[in-house]
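Just need the structure, nothing else, for what follows:
(chains A and B)
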Number of protein chains: 2
Amino acid sequence: MLNVFCLRSLLILLYLIPATLAAQNIQWQEIYPGVWKGVAGKPDDYDLLKAAEITPSSTLQKLSKEPFPLDKAEIRVEQNNGKTYLRLPLVKNEQLFGFGLNFQTVHQRGRIMQLHADHYGKTDNGRTHAPVPFYVSSLGYGVFVNSAKYIDVYAGSNVRKDSKNPPEVMDRNTDKNWSAHPYSDAVEMLIPAQGIEIYVFAGPKPINAVQRFNLLSGGGCLPPRWGLGFTQRVHRLYTSEQVKQEAKAFEEKGFPLDFIGLEPGWQSKSYPCTFEWDKSRFPDPAGFVKEMDAMGVKINLWTNPYVSPDAAIYKPMLPFTGSHTVWNGIVPDLSMPQARKILFDQFEKEHVKIGVSGYKIDEVDGFDSYLWPDVATFPSGRSSEQIRQTYGLLVQKHSFEMFRRNNVRTYGLVRASNAGGASFPYVIYNDNYSHEDFITALINSGYAGVLWTPEVRASKTAEEWLRRFQTVCFSPMAMINAWSSSTQPWTFPEVAPQIKAVAELRMRMMPYWYSEFAKYHYDGTPPFRGMSLEEGFSGNVSKEKTATDLEANPYEEAVVKEVKDQYMAGEFLLVAPLFTGQTSRTVILPKGKWFDFYTGKLVGDGEIITISPGLDQIPVFVKNGAIIPMMPALLHAPKAGQKVDLEIRHYGDQNGSYKLYDDDGETFAYEKGIFSWRDIQVEKQADGKFKGNISNAEIGKPSTVGNVTWRFMTQ
Amino acid sequence: MLNVFCLRSLLILLYLIPATLAAQNIQWQEIYPGVWKGVAGKPDDYDLLKAAEITPSSTLQKLSKEPFPLDKAEIRVEQNNGKTYLRLPLVKNEQLFGFGLNFQTVHQRGRIMQLHADHYGKTDNGRTHAPVPFYVSSLGYGVFVNSAKYIDVYAGSNVRKDSKNPPEVMDRNTDKNWSAHPYSDAVEMLIPAQGIEIYVFAGPKPINAVQRFNLLSGGGCLPPRWGLGFTQRVHRLYTSEQVKQEAKAFEEKGFPLDFIGLEPGWQSKSYPCTFEWDKSRFPDPAGFVKEMDAMGVKINLWTNPYVSPDAAIYKPMLPFTGSHTVWNGIVPDLSMPQARKILFDQFEKEHVKIGVSGYKIDEVDGFDSYLWPDVATFPSGRSSEQIRQTYGLLVQKHSFEMFRRNNVRTYGLVRASNAGGASFPYVIYNDNYSHEDFITALINSGYAGVLWTPEVRASKTAEEWLRRFQTVCFSPMAMINAWSSSTQPWTFPEVAPQIKAVAELRMRMMPYWYSEFAKYHYDGTPPFRGMSLEEGFSGNVSKEKTATDLEANPYEEAVVKEVKDQYMAGEFLLVAPLFTGQTSRTVILPKGKWFDFYTGKLVGDGEIITISPGLDQIPVFVKNGAIIPMMPALLHAPKAGQKVDLEIRHYGDQNGSYKLYDDDGETFAYEKGIFSWRDIQVEKQADGKFKGNISNAEIGKPSTVGNVTWRFMTQ
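Residues are numbered from 1 along each chain as shown, chains lettered A, B, ... in the order given. Predicted coordinates for the structure are as follows:
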């Protein structure tokens, strides 16, 4: 009787679940100043932050108190057919940025996407290497949905019948202003789960919302100093001898080089992988890594995580792998500790213990034709979808922890990430090779808590080679990827001097880069980011109705125009790269005076300028009062404790200040407080001249500062 | 106590559901000879066949008994994370066709898609106007998954760890034969539901599996005779006077014309729609339709189903609409009888009762930026996804029933359909305008139980105009869509005679077209279909490793080559169109002798021929022993009972037979058995000459046959 009753009530309930449409209350909790966590329904027990196993940054506690940035009553959650519906309000002229690593668009309002870990397939439809469910509003707040599912996002694209700000109804037959996209007053999302966990970040400025998001993931990563030097990835089948020759060539020609990446050929088998050295190409791995290290060049290893039947770890790994193979390799369920231990113990033993500095972890993004299908099952019981969305996080997190155990920092490459990954020292890359897309991705990386490199591979012309090389030197990782082309910095002799000059500039700016990354780590400020995060920037998106021919344009679609070819590099620098064929371009300067990086001359004040810089230099502009700490053009990054002289540059006509970061640059000692900030001040004196001052290092804190010289660039 | 117990057991159960991975038994039942229905788990209570409210064709009962075409033990169903996983076996060299209306591919083995009602966005990824979950194998069987959800399909693209026919493991470092796509021995699908309903269709030949699939949906549609004539869609803002002038112009110039399509301007408001006549452009709709009818020209009306606030039916419809609007129009939940009644009562009153012959139902496919989002909810409680997948079926089904109630046949256009829609007299079209894609779509329509028209809009050159016009005359609907361009058949005077010639040929072939459509209806044989359904056709798919440059082609992707530019039109005709710029092409002839349609001359025997046909004619080839019944080149299709003389053509050197279909061509009397088949026989006599014979019409059965003349084309 009791069982029958239960069974009946059970069946009724199971039957009802899909049909119910229930408004849900969101339980809000302010977990840090200006950071609110909201829970509605029953969220999945596995999500992005759990996969990343994040420890929020202690900085969060020190942030300013802010009011909740939205009307809570206007944030709606409903359950329908086993999925969760989320709605957030928008107001007129509000702009949205983010939703992961987009390549062709910066402004996201009005767009529709399904956030899905994948390679970039030449359209911004949500399928990307970092499908981060986070967006930031021009009004100065951020929203993050902590779900490891494929989330459908309607970023102000659709209109509800009960909208409070409905669009005007028009007759297409007669009204010239008719639009195929009526005004929408909400962001809507569909999360295939029984509930959601959502985070809202206060500003007051957009940049502050981004900082809070990054600090929640533990703050941005802090690379080793050498990670910010130059790196070359050699041909996939190079032997240890050829790699040594490559390093020697760099030294002889005087080109900086901090680490070399080995591509698939270092492994005894690849696609699928053994993770074991190929003894024919690398007879003495330990000796080889040691020799390279003595030359000041570290070794980075390409791999993907798919295990070859010929790998020593194949048998022990087998029980902890998914139902499907990738290129005949079994797929470790890295959400399981057992799988992680087997894989990374092997990495530690074979690579890290002999001095390998890091990895390029490939093909953890997609695409569908290569990766496991969504029908795959995993021994953890987690869905293929959840594993797909978090695989990039898992390989980063647990390889990072392996290096931390060994107290050596790493800086590598990965082809997938997601929310929660900001603190992992990995840079995203892909197979696409559009220079324009690369810059747009660099902009979007700053909204997504990830890093991106516009890597240089081959080029058709010396001009393209130089233009690409110039931008990669103003990115998180200055790299040539010659895995297939065997190109070298001097491949085009006619521009070799300019290549060398910008490579040296990259090295000279290391104190600046390193301090800006420290701010990424401690304050959550992205070192490379879009202009919309800059105060006083007015480069808005615009729509132009162009084609009136209904044959070619049946829905009278307007063309969107937006600024996606200039970006901020650190606190003070605006980079405006040129692409092949361009001899001049416009640059939109935010409010205030801006100065030429190379000459210190005033270039404009909150205006749009047109420049024709020639081929030699990449256009870089400096904020008024900026201070840029630089060092000599070394061929390798300074080692721990090595003193380097500083050239401290000041730009513009107003006082400036800067915080210079310092630590050993190689270990995790900074996590124990072994680091220092030094205050740099430049002030105008009575005689109208500027004078600079740098504070002393705190007693017992690391300092690499040698002699200091001051350069006041603007006279 | 009891409640507590129930609650606990309930919670435990709800908790367990997502995690369980349970192999399911499929309950198989042979519902017709060679048609099996399998059920596993708890399928959704709303699916494609329910939406289409199909009545299977009585022909099914008469089909041959066949063995189950697969090893049942190899068809696997599992439940995981609330979704259903389906797996079916594949063998080496087996080829797959179908999975909906694809535009760039015919061979589907190895492809990955998510079946999703949408406009075609230039890639075959499952998003299409007819995302039909049906495929047919070259081994002569078919499989259909009856689900109205977005189905993930892996059509032999991925490999299971436990595969019985695993691919060979290779080392990419050293093995030249390494492939990014190892051999896969299964079709896998992921259906987001608690269970599935699956249908398996026996052959023995692939065409038989397709027939069984179509017959299950009631058999293919039988258009009115006039539907197979010529149709012109006029400029969207034409007035009744301009439409009359258009019809007069056709008549004066002697171009055939059976119906004219009015575009949005006939409605008082459009985008969103009122479904009411605009009295400024159409002051007297009833009189206008009557006048046009007197000229032998019927009227077809464009519409989409999105209801304007200015429509008379807005208020009554409101309660039965979805949560979101489309172009400010409310979206009727057409899965609800109340919504259907309001909409189609309006259509019936305003249009059908005054003689309107049919509709062009637009924008029921997608795409996401225009249609309701997947977060939308509908009063029926059905998910946005289910409504999206079935909306095309619903508008077809219930507009068709409206015409049936009035006992007048219709033939119209629709932009979305799905499995179960074969019996609805609608032809699919879209906004894309690639002539090549159009032909590939025509081929794929034959595997999907839908019809497709390669409509002619504008053209850049007279050559393009003629080439497009030639193909549309060998398609289900011979149409110019001048909604925007106002083009007319004689727009390019230099080719007007050739245009007229092929338009007249379209009319002369009406007895053949009409009989072939009758075979679609009664036997399920698609009137237009791909070569793979033809016996003795050996045009297989091939892969070519081309680009060896790993920069350009990092995964060494091979290029797929397949035949997608020739198709079968009815039982006997092979059509090989030319595209702009082509002066010659190759044609792959199936086994047996083939003859030139225009001259009757032998062109080849199961071989690949190269032809240079010139601009005047579209290349058409005829099977040996073929019989093609033709009539005079009338300007309008014969009316009910109107007698027409027959020219019966015979091709080749062997005897032939043909079944000629006849009925009133306008009403549903055929559903009451008021139709006739007449046997045409051609036999070689003692003197070596051919002689033809046609059986008399059965007493009391309709016959439109006047005088018969015989033409033996091959001497």
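
Spatially, and excluding backbone neighbours, which residue is closest to A:D431.
Nearest residue to A:D431, sequence neighbours excluded (Cβ to Cβ, 6 or more residues apart in numbering or on different chains): B:P554, at 5.0 Å. C-beta: built from backbone N, CA, C; applies to glycine.

and if you look at A:L63?
The shortest distance from A:L63 to any residue other than its chain neighbours is 4.4 Å, reached at A:P33 (Cβ to Cβ, 6+ apart).

So for the one you found, what pLDDT did the model give?
Model confidence at A:P33, expressed as pLDDT, equals 98.

A:V559 now?
With respect to pLDDT, A:V559 has a value of 86.

Tell me what it is bridged to.
Beta bridges link A:V559 to A:E544, judged by DSSP bridges.

What are the neighbouring residues in contact with it?
The neighbourhood of A:V559, defined by Cβ atoms under 8 Å, 6 or more residues apart in numbering or on different chains, consists of A:K543, A:E544, A:K545, A:T546.

Any idea how many residues pack against the first one?
The local packing of A:K543 (other Cβ atoms under 10 Å in any protein chain shown) involves 14 other residues.

Tell me how far stretch A:405-425 lies from the chain's centre.
11 Å (Cα atoms, centre = their mean, to the nearest Å).

List the buried residues for that stretch?
Of all the residues in stretch A:405-425, those buried under the rule 16 or more other Cβ atoms under 10 Å in any protein chain shown are A:408-425.

what's the answer for stretch A:159-179, then?
Of the residues in stretch A:159-179, those scored as buried under the neighbour-count criterion (16+ other Cβ under 10 Å) are A:159-161, A:163, A:166-167, A:169-173, A:178-179.

again, but for stretch A:55-69
In stretch A:55-69, the ones that count as buried by 16+ other Cβ under 10 Å are A:P56, A:S57, A:T59, A:L60, A:L63, A:E66, A:P69.

Get me the contact residues on the stretch 251-400 of chain A for chain B.
If contact is defined as Cβ under 8 Å from any Cβ of the partner chain, the residues of the stretch 251-400 of chain A in contact with chain B are A:264-265, A:267, A:269-272, A:278, A:308-310, A:321-325, A:327-328, A:330, A:368-370, A:372-377, A:381, A:383.

List only buried entries from those residues.
Judged by neighbour count, with 16+ other Cβ under 10 Å as the criterion, the buried members of these are A:264-265, A:267, A:269-272, A:278, A:308-309, A:321-325, A:327-328, A:330, A:368-370, A:372-377, A:381, A:383.

any idea how far stretch A:602-618 is from the chain center?
In this view, stretch A:602-618 has its centroid 27 Å away from the chain centroid, taken as Cα atoms, centre = their mean.

Can I get that stretch in PDB, CA atoms only?
In PDB, the C-alpha atoms belonging to stretch A:602-618 read as follows (Å, rounded to 0.1, in the frame of the first residue of the first chain):
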ATOM      1  CA  LEU A 602      51.800  64.700 -28.400                       C
ATOM      2  CA  VAL A 603      49.600  63.000 -31.000                       C
ATOM      3  CA  GLY A 604      46.100  64.100 -29.900                       C
ATOM      4  CA  ASP A 605      43.600  64.600 -27.200                       C
ATOM      5  CA  GLY A 606      40.400  62.400 -27.100                       C
ATOM      6  CA  GLU A 607      40.200  62.500 -30.900                       C
ATOM      7  CA  ILE A 608      40.300  60.300 -33.900                       C
ATOM      8  CA  ILE A 609      43.700  60.600 -35.600                       C
ATOM      9  CA  THR A 610      45.000  59.200 -38.900                       C
ATOM     10  CA  ILE A 611      48.500  57.800 -39.000                       C
ATOM     11  CA  SER A 612      50.900  56.600 -41.600                       C
ATOM     12  CA  PRO A 613      53.700  55.200 -39.500                       C
ATOM     13  CA  GLY A 614      55.700  53.300 -42.100                       C
ATOM     14  CA  LEU A 615      56.800  49.700 -41.900                       C
ATOM     15  CA  ASP A 616      59.500  49.900 -39.200                       C
ATOM     16  CA  GLN A 617      57.400  50.400 -36.100                       C
ATOM     17  CA  ILE A 618      54.100  49.300 -34.700                       C
END
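
what's in contact with it?
Contacts to stretch A:602-618, defined as Cβ under 8 Å, 6+ apart, come from residues A:463, A:466-467, A:470-471, A:473-474, A:495, A:498, A:501-502, A:536, A:538, A:575-578, A:583-596, A:598, A:619, A:621, A:652, A:714.

cool, stretch A:226-233 as well?
By Cβ under 8 Å, 6+ apart, the list of residues contacting stretch A:226-233 from outside reads A:246, A:250, A:255-263, A:298, A:300, A:302, A:357, A:360, A:409-411, A:425, A:477-483, A:488-489, A:503, A:506-507, A:510, A:513-514, A:517, A:636-637, A:665-666.

just checking, which of those residues belong to strands?
With strands taken from DSSP state E, the overlap with the contacts of stretch A:226-233 comprises A:F259, A:I260, A:G261, A:L262, A:K298, A:N300, A:W302, A:K360, A:A478, A:M479, A:I480, A:N481.

if you skip the residues just before and after it, what's nearest to the third one?
The one in question is A:G261. Beyond its immediate neighbours in the sequence, the residue positioned closest to A:G261 (Cβ to Cβ, 6+ apart) is A:R233, lying 3.6 Å away.

can you tell me the distance between the two ends of stretch A:402-415?
With Cα to Cα, to the nearest Å applied, stretch A:402-415 spans 19 Å between its terminal residues.

Ok, stretch A:268-281 next?
Start-to-end span of stretch A:268-281 (Cα to Cα) is 9 Å.

Also stretch A:89-107?
17 Å.

what comes up buried for it?
The neighbour-count check on stretch A:89-107 (16+ other Cβ under 10 Å) flags A:89-90, A:95-107 as buried.

now for whichever helix or strand A:V153 is part of, which elements pack on it?
Assigning secondary structure by DSSP states H and E places A:V153 in strand A:151-155. In terms of contacts (3 or more Cβ pairs under 8 Å, 6 or more residues apart in numbering or on different chains; DSSP states H and E), strand A:151-155 is packed against strand A:111-117, strand A:186-191.

which one of the ones you listed has the most crowded surroundings?
When the helices and strands packed on strand A:151-155 are scored by mean count of other Cβ atoms under 10 Å in any protein chain shown, the highest mean neighbour count falls to strand A:186-191 (a mean of 25).
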